[in-house]
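> Build me a model from this:
(chains A, B, C and D)
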2 protein chains.
Amino acid sequence: MHGNHQHAHCIEEAITTANRICDERGLRFTDLRRRVLELIWENHGSAKAYDLLENLGGDYSAKPPTVYRTLDFLQENGLVHKINSLNAYVGCSHPLKHKDCFFLICSACNEVEECCGSSVAEALRSMASEQNFRPDHTTLEIEGRCVDCLKASQ
Amino acid sequence: MHGNHQHAHCIEEAITTANRICDERGLRFTDLRRRVLELIWENHGSAKAYDLLENLGGDYSAKPPTVYRTLDFLQENGLVHKINSLNAYVGCSHPLKHKDCFFLICSACNEVEECCGSSVAEALRSMASEQNFRPDHTTLEIEGRCVDCLKASQ
DNA sequence: TCTATAATGTTATATTATTACATAACCGCA
DNA sequence: TGCGGTTATGTAATAATATAACATTATAGA
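Next up is the predicted model:
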């Protein structure tokens, strides 16, 4: 994720996908929602609610409920995730296909990578079933160093 | 965990263990620290910082820093864990042996069970190594229904 | 155009947590 | 025993995160 990539493309893709999903569901992808999603996607890190608030500026007389409602909408529709351990929000890198996802959070560059499926989900499922626990929602956030930052620090 | 168990024993054991750990480390298990740990262990749910604050009462003129500092101490020494998805704190059910633990949180009875080791930890390790990610700390919190609440709702 | 609904604005406040500095308790040692 | 450094706690102020309740505006469909 580090280094040069045409990040404008990431943003554009996220917006296009969001647009499509809202269309399919008969939901309105309003200016405000688009703007907040763009801000969240400004980089591959996580965004804090009050920073989004500040950066809305302009036409948007942004008060907290404005941004929290928008975040709720985006979360409900799988377009962003909340990172509980950071009280921050990241764009979902593959809406609609994000069951059992988890997050690798680099404490050096602050980038957050969303991961899905894999053997981790399977291990969680079988653990829960052994315990006779019926999971509704899983928070799995792993903080550490990403490969690029590990390389860079050598 | 539900139903009848001599919970006083849980509290007592937690306090005794904490005492021993502090002794071994040359740390002071002060009245305040003991009192906060007791309050956290008052049940098998999680405790909110400001509730602890209220319940300290008495001799302790409790202001927020008092309780947050105490929680920090208890966390640093593995005696309590923070549940990020709840902004709440639980007693550690096996201090010193709590690497790679995770939490099953019942949304019906609010009890939190701490689980350790197992294949989940292994799956996480191998996933991280595949991604060349070096984990420092993992937040794994699973919210759902525990076996007793599932039974009870049938 | 009218109307119902959804979205956003606005004010106030709740909840969670930290900073910074003052005081007190404790521990080792002269 | 008392001195002095360190650790722990007290206190005031405020920062950071989030929600409740109600007013207004925009939108889509009849």
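
> Going by C-alpha atoms from here, please, whenever you check contacts or count neighbours.
Will do.

> so how many other residues sit close to A:Gly48?
Actually, residue A:48 is Lys. It isn't Gly. For A:Lys48, the tally of surrounding residues (other CA atoms under 10 Å in any protein chain shown) stands at 16.

> show me the contacts for it.
Residues in contact with A:Lys48 (CA atoms under 8 Å, 6 or more residues apart in numbering or on different chains) are A:87-89.

> repeat that with 6 Å
A:Ala88 (CA atoms under 6 Å, 6 or more residues apart in numbering or on different chains).

> A:Lys82 touches A:Tyr89, doesn't it?
Yes: in this structure A:Lys82 lies within contact range of A:Tyr89 using CA atoms under 6 Å: 4.4 Å.

> interface residues of chain A facing chain B?
Contact residues (CA under 6 Å from any CA of the partner chain) of chain A with chain B: A:84-85, A:120, A:123, A:132-147.

> wait, is A:Ile105 part of a strand?
Yes: applying DSSP: H, G, I helix; E, B strand; the rest coil, one finds A:Ile105 inside a strand.

> Just the buried ones out of the residues of chain A next to chain B, please.
Neighbour counting by 16 or more other CA atoms under 10 Å in any protein chain shown classes A:84-85, A:120, A:123, A:133-135, A:138-146 among those as buried.

> Could I get the contacting residues of A:Asn55?
Contacts of A:Asn55 (CA under 6 Å, 6+ apart): none.

> again, 10 Å this time
Residues counted as contacts of A:Asn55 (CA atoms under 10 Å, 6 or more residues apart in numbering or on different chains) are A:35-36, A:39, A:49, A:62.

> Tell me the pLDDT of the residue nearest to A:Ala18 when sequence neighbours are not counted.
Excluding the flanking residues, the one nearest A:Ala18 by CA to CA, 6 or more residues apart in numbering or on different chains is A:Leu79, at 6.8 Å. Listed pLDDT for A:Leu79 reads 97.

> Could you do A:Asp59 as well?
Note for A:Asp59: predicted pLDDT of 61.

> now A:Asn4
Note for A:Asn4: predicted pLDDT of 73.

> is DNA strand D contacted by the top helix by length along chain A?
Using DSSP state H to define each element, chain A has its longest helix at helix A:7-25. No: applying CA under 7 Å from any atom of the strand, one finds helix A:7-25 separated from DNA strand D by no less than 10.7 Å.

> tell me the average confidence for that helix?
In this model, helix A:7-25 has a mean pLDDT of 96.

> What lies in contact with that helix?
A:1, A:26-30, A:33-35, A:37-44, A:74, A:77-79, A:91-96.
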